[in-house]
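J.: Please work out how this folds:
(2 chains)
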Amino acid sequence: MKKIFLNKFFLVSSGVLLFAYGVIYACGGGDDWGMGYSSNFTPETFVEKSYRPLFLSGEVFYGIGFDTEHNSRFNDDIKSDWNAYLKTKVDTATVSHFLIGDNTSRYSYDKDKDTGYKKEIEQLHVFFKTKKQNQASLKWGKKINLKDDKAKAFIEFLYLAQKIEAVSVGENYWSYEPVVAKTFDDLKMIQSIENVYNTISDPFLKNRYWFLTMKAYFYSSNKQKAITFFNKTEAVVPKNVLYYRALSYVAGINYQQGKYSTSNYLYAQVFDKCPEMRVVTAYSFRPENETDWNKSLSMAKNNREKAALWAIHGYYKDEMQAIDKIYQLDPKNEHLNYLLTRLVNQQEQGINNSFELAKVNSEGSTDYSAPAIKQTVAENKETNKSKINAKAFDLVSKIAVTGNTEKPYLWNTALGYLQTLKGEFAKADENFAKAEKTMPKTELANNQLRLLRFVNNMSKIDKLNSKNEKTILKDLNWLYQELPKQKVGDFRYENASSWSRMYLMTLYKEQKDYVMAELFANTSAYSYWGAGNSFYDVEKNLLGMKAFLAKPNKTEIEKIGFSIYNLNLNNINNFQAIQATYQNKIPEAIAFMQQTDTLQNAVFYGNPFNGSIKDCHDCDHAAYQKKKYSQIEFLTTIKTMQDKLAKNEDVYTNSLLLGNAFYNITHFGNGRSFYEIGIVGYGSSPYSFRDSMKKMITNCSLPKMYYQKALEAATTKEQKAKCVYMLAKCERNEYYNKKYNSVTNWWTADQDKINFLAWNNFKILKKDYSDTKYYQDVIAECGYFNTYVNQ
Amino acid sequence: MKLRVIFGVLFLLLISCNKQEKPVAAFYYWKTIFKLSAEEKQALEQNNINKIYIRYFDIDLHPKTQEPFPLSPVHFENKTENLTIVPVVYIKNKVMLKKGIDVEDLAKKTFDFIELINNKNGISCQEIQIDCDWTLASKTNYLKFIESFKKISHKKLSATIRLHQIKYFEKTKIPNVDSGVLMYYNMGTIAPDSLNSIYDRRIAQRYIKSLKKYRLPLDFALPIYSWAVHIREHKVIGLKSKIDIKEIQKDTNFVQSQKIYFTVKYSNYKKGTFYKQGDILKVEAISKDDLLEMASDLEENTAQYPKEIIFYDLDEFNLKNYEKNIFKQVLSCF
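T.: Sure thing, here's the model as predicted:
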């Protein structure tokens, strides 16, 4: 009883669909998460919820992917029907227990628990028959009056229902039956069920035995009998959900017999009349060819039935044609609503919200490696205008104007939005006003209308001025600040939020106001991870932004830009400190670093003044450190050493430590965290960084200069050996920089198979310092050097 | 020009054939009901093929519970006497990507399920094949699964191997199986462009040189299937397998634009699919010359000679696109 019908038809056809689905999915078709990010038109606003899975989607069904309720769709219906029937006789929990068992997982291996209630039903049946008490009757006798007619009827019905369920529902996903579909061939049992139907007088039970008989025939080897039984009895059966479920059985049998036109005709009628089954019927509806389809159409007895066929046909087929046909047949038909949302959502798919175009090469294919071509606002609007299908637009206009549909405001809203996209802003305003007058004022409807009006108002702007700015300020705040904090349900506003930023960014760029453009572009927040922010590579930009951020009296739109920007003065000062450090302007770097609030206190993971034989970050980070250096301490320590060096104090040690310090803040050293900030970028490979930053963090000339100084000041052979080795590391890094880091991608690097080179300083180390202890240390730790020595 | 290509191929065949022990041919059977048509039986008999790799079931994550479960297990309507059956289980990569998946439990369930299908259908098998397009992220789980499965099953175990897994074997690792089957198809992406996603020699060339370094005995699987890519507004919206080109050529709702493209002139239903005006069908198929080219390229680059060439897949629809002796011709290249 708990689960339903058509399993095998579903399974057979789902194999086909799954395959296609896998392909579509693999090909990067959008998922529904993405719908909200490319759409301004929320289909839920005015369309009844049974249509929801049929909304435009990158998946088979919108929001659910697949039909997820195939075995449980009617559980609630069934429970409430029986509860109403049994009212005071049996309590709700007990009804639920006998109908669907305890709600344990289908994967539970505790089979007894899963099937326990079924055994109890059997035992109770035996008790009714023999009047001999058993375990179940003793247990349930305390809770229910087993002598009550209705309670008894309930249990006896379930007893029979269960017999058929054994073939209709697979219990366990890891079970296997050697036949494609099980059939229920106990014809005597079916006859006895039909007999109960024929004789019983209680209308509730009669209806249910009628359905049970249908189900039994459907799962029997003689399916034709289901159709015969249906035709014989149909006239006297109430047209409720059970009736339409039975009608679906008839449709399924016709499908199996290859009578596609009848099957599709029947599915369309179920789709029309039984909202609970819209998903199933849309799935099962499947004309084989044009002849089938035309035959189905000719079977329709009236306009309503014909419209139903077009309505189901419109699902992932041709919405436009379906709308046209249905409107001609029945303008008030409610199926038009969902089809219209599909039409609008479909039009949106072609809209360019990025304000850039991918480059197309001479062969006509897209060149994704080339930078995209930026569009102006006017160009963007022009391309989008051309994307709107003229026929679709005319159709919606024609219908909206007549106003004789079930929900004229839905048509006005849709038309207004399409007009916005076509650049007919004044007409759009008119349509939104018309919609507002008649639409139900739900929160979602109000939000939807406000959003579309905003998109219209924004689209009117070709150049920002203080007057037209005012038309969007409130809505920008609403989009950026208020909505993200609210629970908005299905409301699709993310697209308008990101589109408006791109729109403003493009406008400001056109007006050469690069600071404002950057605020809305928010490059570091929205670019791919770790790319940094090249806006700050231009000094004028950097200073402009600092001035803007510090400015006290910001205009309204400036405040909005400010509020959504993810960088502040501290971040920019930090960036300036980093730049000054690499330029060896330490007092300047310290001054900037001091203006970074708490950022200056971030500590290095390893000791940045250590120079190891191996460039092993993890080892350096894990090593015991008496002192942990913060960024500011790092800089002030450098300053102290440089001051001492200026006075020729302890030249060797100070130079070596300075060499180590500048080495460690390159890509090769143990202190990458020094430069890994939003503006510079992040990444374990130099390729993650933009060219200007890649150059900055891989350049070893500063440490080299200090190591050279140390070498000149060194007094012992041990000291000299160390300096020579450190210089060799710098040499190696330079080689890598030239060979790999200067090309765009590592795989384009020259494959010369060189995996070992004897650096000049290796040679010196071998020639002049082989008698030092440090030399032995290098041999022990550095495989390359060892290879060189032994070759 | 074309003649020259054919002579080129012939020449290659001449120099590359006639070596070693010849491999034998086998088929993959990938339908959910095992039932051989007269043409299929004939193909087996005429080519003395008696080994079939049958897809038993897929393992997928249930959309609702996200637990692994066997999807569409095979049913047998024909007896399999006189045939050597190798059950193949296709495991979706997302199963192996699932965090916290109990691979030992899955291996046990998978093996039990194969045995269940075997028992119910009176089949016994000596070998089992696992098919999974595992990636770096799923490597650990997959390799563990294979280890567990081997321990549990005590049978010869083979696994499918993709081209990228050959080239990057140091990273993707080699599963601990007795032998592998290199799937020499599905090379490109299914896309609206003009390339063939089933086989593209230029793509194959990027990988094939690595075959010599691969340390697992390999058999080769070659494609004999074709399909049509259903394209709407430059997006792939579906894949139509077993499509009859001659029938589309006859259908006035379709116009053949180039050799492999058909444009939908009028919206229509065909074989249960709705084709909208302006849609495009791109036909991807494998010719006899393609097959011979694949065979000679593989022969040239393989380290060990394959014991079997498995054709994907046994279906009368595929068979009718080739001459009857195509399988022998391909085998003779090794």
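J.: Strands of chain A, residue ranges please.
T.: A:356-357, A:359-360, A:366-367, A:373-374 (DSSP state E).
J.: Strand partners (parallel or antiparallel) of the first one?
T.: The strands that strand A:356-357 pairs with in its sheet are strand A:373-374 (antiparallel) (by DSSP bridges).
J.: Same list, the strands of chain A, but as JSON lines with mean neighbour count please.
T.: C-beta: built from backbone N, CA, C; applies to glycine. Formatted as JSON lines, those follow (neighbours: other C-beta atoms under 10 Å in any protein chain shown):
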{"stretch": "strand A:356-357", "mean neighbour count": "15"}
{"stretch": "strand A:359-360", "mean neighbour count": "12"}
{"stretch": "strand A:366-367", "mean neighbour count": "13"}
{"stretch": "strand A:373-374", "mean neighbour count": "12"}
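J.: burial of residue 47, as a residue count?
T.: This is for chain A. Residue A:47 has 23 neighbours, counted by other C-beta atoms under 10 Å in any protein chain shown.
J.: could you do chain B instead?
T.: 19.
J.: What's the per-residue pLDDT of it here?
T.: Per-residue pLDDT puts residue B:47 at 91.
J.: Now do the phi/psi pair for it.
T.: phi -100, psi 10 (degrees, to the nearest 10).
J.: Looks like it contacts residue B:327 (just checking).
T.: Yes: using C-beta atoms under 8 Å, residue B:47 makes contact with residue B:327 at a distance of 4.7 Å.
J.: tell me the contacts of residue B:196?
T.: Taking C-beta atoms under 8 Å, 6 or more residues apart in numbering or on different chains as the criterion, residue B:196 is in contact with B:188, B:284.
J.: That one is in what secondary structure piece?
T.: Counting by DSSP states H and E, there is no helix or strand that carries residue B:196.
J.: immediately after the worst-scoring helix or strand of chain B on mean pLDDT, which helix or strand?
T.: One helix or strand of chain B scores below all others by mean pLDDT, DSSP states H and E: helix B:2-16, with a mean of 44. Downstream of helix B:2-16, the first helix or strand assigned by DSSP H and E is strand B:24-29.
J.: export that next one as CSV, just CAs?
T.: Extracted in CSV, the C-alpha atoms of strand B:24-29 (Å, rounded to 0.1, in the frame of the first residue of the first chain):
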residue,chain,number,x,y,z
VAL,B,24,41.6,-13.4,-29.5
ALA,B,25,38.5,-11.3,-29.9
ALA,B,26,35.9,-10.8,-27.3
PHE,B,27,32.9,-8.5,-26.8
TYR,B,28,31.5,-6.2,-24.3
TYR,B,29,27.7,-6.5,-23.8
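J.: Spell out which residues are contacts of both of residue B:47 and residue B:327.
T.: residue B:25.
J.: Tell me the spacing between residue A:483 and chain B.
T.: Per C-beta to the nearest C-beta, to the nearest Å, residue A:483 is found 30 Å from chain B.
J.: Which residue is the nearest non-sequential neighbour of that residue?
T.: Leaving out its chain neighbours, the residue that sits closest to residue A:483 by C-beta to C-beta, 6 or more residues apart in numbering or on different chains is residue A:493, at 5.4 Å.
J.: So that neighbour sits against residue A:482, correct?
T.: No: Residue A:493 is beyond contact range of residue A:482, at 10.1 Å (criterion: C-beta under 8 Å).
J.: what about residue A:614, neighbour count?
T.: When counting by other C-beta under 10 Å, one arrives at 12 neighbours for residue A:614.
J.: For the closest residue to it other than its chain neighbours, give me the pLDDT.
T.: Leaving out its chain neighbours, the residue that sits closest to residue A:614 by C-beta to C-beta, 6+ apart is residue A:781, at 5.5 Å. Note on residue A:781: pLDDT of 88.
J.: Check the burial of residue A:781 by counting its neighbours.
T.: 13.
J.: now do residue A:153
T.: 19.
J.: Is it correct that it is in contact with residue A:208?
T.: No: Residue A:153 is beyond contact range of residue A:208, at 9.5 Å (criterion: C-beta under 8 Å).
J.: residue ranges with poor pLDDT in chain B?
T.: Of all residues in chain B, those with pLDDT under 70 make up the ranges B:1-20.
J.: Show me how the record splits it into domains.
T.: Using automatic domain parsing, the domains assigned to chain B come out as B:2-222+B:287-331, B:231-275.
J.: of all these, which lies closest to residue A:734?
T.: Within the domains of chain B, the stretch nearest residue A:734 is domain B:2-222+B:287-331; the backing value is 28.7 Å (C-beta to C-beta).
J.: How far does the closest one sit from its chain's centre?
T.: Domain B:2-222+B:287-331 sits 5 Å away from the centroid of its parent chain (C-alpha atoms, centre = their mean, to the nearest Å).
J.: residue ranges of the helices in chain B, please?
T.: B:2-16, B:38-46, B:93-97, B:103-120, B:139-153, B:163-167, B:169-172, B:201-208, B:245-250, B:288-301, B:316-319, B:326-331 (DSSP state H).
J.: Spit out the contact partners of residue A:378.
T.: Each residue near residue A:378 by C-beta under 8 Å, 6+ apart is listed here: residue A:462.
J.: for the stretch 451-600 of chain A, what are the low-confidence residue spans?
T.: Within the stretch 451-600 of chain A, the stretches with pLDDT under 70 are A:524-530.
J.: Run through the helices of it in chain order.
T.: A:466-470, A:473-477, A:494-510, A:514-521, A:523-526, A:539-550, A:556-564, A:569-582, A:586-593 (DSSP state H, counting those that start in this stretch).
J.: Now distance to residue A:360 and mean neighbour count too, for these, in a markdown table please.
T.: Shown next, in a markdown table, are the helices of the stretch 451-600 of chain A (distance: least, C-beta to C-beta, whole Å; neighbours: other C-beta atoms under 10 Å in any protein chain shown):
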| stretch | distance to residue A:360 | mean neighbour count |
| --- | --- | --- |
| helix A:466-470 | 34 | 12 |
| helix A:473-477 | 34 | 17 |
| helix A:494-510 | 21 | 20 |
| helix A:514-521 | 24 | 22 |
| helix A:523-526 | 25 | 16 |
| helix A:539-550 | 31 | 14 |
| helix A:556-564 | 33 | 17 |
| helix A:569-582 | 36 | 21 |
| helix A:586-593 | 44 | 19 |
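J.: Looking at the ones you listed, which is nearest to residue B:191?
T.: Once the helices of the stretch 451-600 of chain A are compared by C-beta to C-beta, helix A:494-510 is nearest, at 25.9 Å.
J.: tell me the angle of that closest one relative to helix A:556-564?
T.: Calculated by axes from the mean of the first three to the mean of the last three C-alpha atoms, to 10 degrees, helix A:494-510 forms an angle of 120 degrees with helix A:556-564.
J.: circling back: could you say which one of the helices of the stretch 451-600 of chain A comes nearest to chain B?
T.: Proximity to chain B (C-beta to the nearest C-beta) singles out helix A:494-510 among the helices of the stretch 451-600 of chain A, at 19.0 Å.
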